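Novice: Here is a sequence together with a model predicted from it:
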Amino acid sequence: MRICPHTQHTYVKYRDQITADWLEGWRGHEGIRHYHGLSGLHMGGRALIAELLRTPNEEVVVEFKRRGNGGNGGSPERAAAMGSAGNPYLQDHVYEYKTKIEPRRLGDRLMRLRQEISDEWREDLQLLAKEHEEMWRSFFETVRENEDKLKDLQMPVYSHDPSDGPTGSTFRGGNYDLLRRLATYKAILHLKDVYMRGNAMEKAKGNFLDKMLTVHGGAFVGDGPYYVDKTFFGVLLESAPYMVRSDLADGHTSMVLLSPISVVEDICHIRQSIAEAWRTELERVSDDHLDLQRELLQQSLP
């Protein structure tokens, strides 16, 4: 495998640019370092780690260019002495060297990071209840005063990536945003299914939620911006109640009042239940890693 960084200064940006490039290109995940969304992997996270642990070491050839005519070549003093035009008689040189990639070690590092993030998420999932309280506070304040006067005084739970302080892993802010997004999306899908199996009123809510998800919920899936869940909640809360004609089982029709606020309440309730279930599930991550190592050991035995 050949890795060709654009310039020799690329290495300054990352601690290990060569390994980062290899891991990003491994199994076709180019561009994932800039991906902020769900379902970015081409396989499950556990399957990816398991395959890394079984992948043999690989030697890669690295190319980098050293400019000979000033600019990036040599010391800053030398470049300044030659001026912006540099020395036209000095040619650029392309150098190559070989280095080893150790997927097994990468798999071990991913497991350690996976454990760290799972520990953080067990804490962060408890914040969803506060998120609900803040959303309703802001909503009713806006209804009463036509604006949320405290909006500018509210601080985010975590800063955007990378974190600016000792708040945990480097991308805790982005991870928390995705955690909220996924919990909300799962809650919406579950609630829509529950609605569609209910009475006339609930089916009307199910059709409403399905329409809103189709029109305004595209950012839940794939790469997307921050605060997808909050944006979707905002659209629902800004929707006015309206009368819906519903067909009854006896062939008659009835008019029902659909309240988007009640839909948001139901989503929040289910999202909270999902958060509690996930906290329990995350307690088993360390056991899952032991299982991965046990499977690897068993396969290595004759």
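Specialist: Cool, got the structure.
Novice: Need the phi and psi values for residue 38.
Specialist: phi -100, psi 150 (degrees, to the nearest 10).
Novice: which SSE is the residue nearest to it when sequence neighbours are not counted in?
Specialist: Distance criterion Cβ to Cβ, 6 or more residues apart in numbering; nearest residue to residue 38, sequence neighbours excluded, is residue 182 at 5.7 Å. Every residue, glycine included, has its C-beta placed from N, CA and C. Element membership for residue 182 (DSSP states H and E) is helix 172-196.
Novice: ok now that helix, how far from the chain's centre?
Specialist: 12 Å (Cα atoms, centre = their mean, to the nearest Å).
Novice: Ok, stretch 228-239 next?
Specialist: 20 Å.
Novice: Same check on stretch 36-53?
Specialist: Stretch 36-53 has its C-alpha centroid displaced from the chain centroid by 13 Å (Cα atoms, centre = their mean).
Novice: could you pull out the helices for the chain?
Specialist: 10-13, 17-25, 45-54, 76-82, 103-124, 128-145, 172-196, 200-216, 228-238, 260-282, 285-300 (DSSP state H).
Novice: could those be laid out in TSV, adding mean neighbour count and mean pLDDT?
Specialist: Converted to TSV, these look like this (neighbours: other Cβ atoms under 10 Å; pLDDT from 0 to 100):
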stretch	mean neighbour count	mean pLDDT
helix 10-13	12	31
helix 17-25	17	90
helix 45-54	16	94
helix 76-82	12	53
helix 103-124	17	95
helix 128-145	14	93
helix 172-196	20	95
helix 200-216	17	93
helix 228-238	18	96
helix 260-282	17	97
helix 285-300	13	93
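Novice: so which of those helices comes closest to residue 246?
Specialist: Closest to residue 246 of the helices of the chain, according to Cβ to Cβ: helix 200-216, at 3.9 Å.
Novice: Restrict that closest one to CA atoms and write it as CSV.
Specialist: C-alpha atoms of helix 200-216 as CSV (Å, rounded to 0.1, in the frame of the first residue of the first chain):
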residue,chain,number,x,y,z
ALA,A,200,-58.0,6.7,15.2
MET,A,201,-56.3,9.5,17.1
GLU,A,202,-53.0,7.6,17.4
LYS,A,203,-53.0,6.7,13.7
ALA,A,204,-53.5,10.4,12.9
LYS,A,205,-50.5,11.1,15.0
GLY,A,206,-48.6,8.4,13.3
ASN,A,207,-49.3,9.8,9.8
PHE,A,208,-48.4,13.3,11.1
LEU,A,209,-45.1,12.1,12.5
ASP,A,210,-44.3,10.1,9.4
LYS,A,211,-44.9,13.2,7.2
MET,A,212,-42.8,15.4,9.5
LEU,A,213,-39.9,12.9,9.5
THR,A,214,-40.0,12.7,5.7
VAL,A,215,-40.0,16.4,5.2
HIS,A,216,-37.9,17.6,8.1
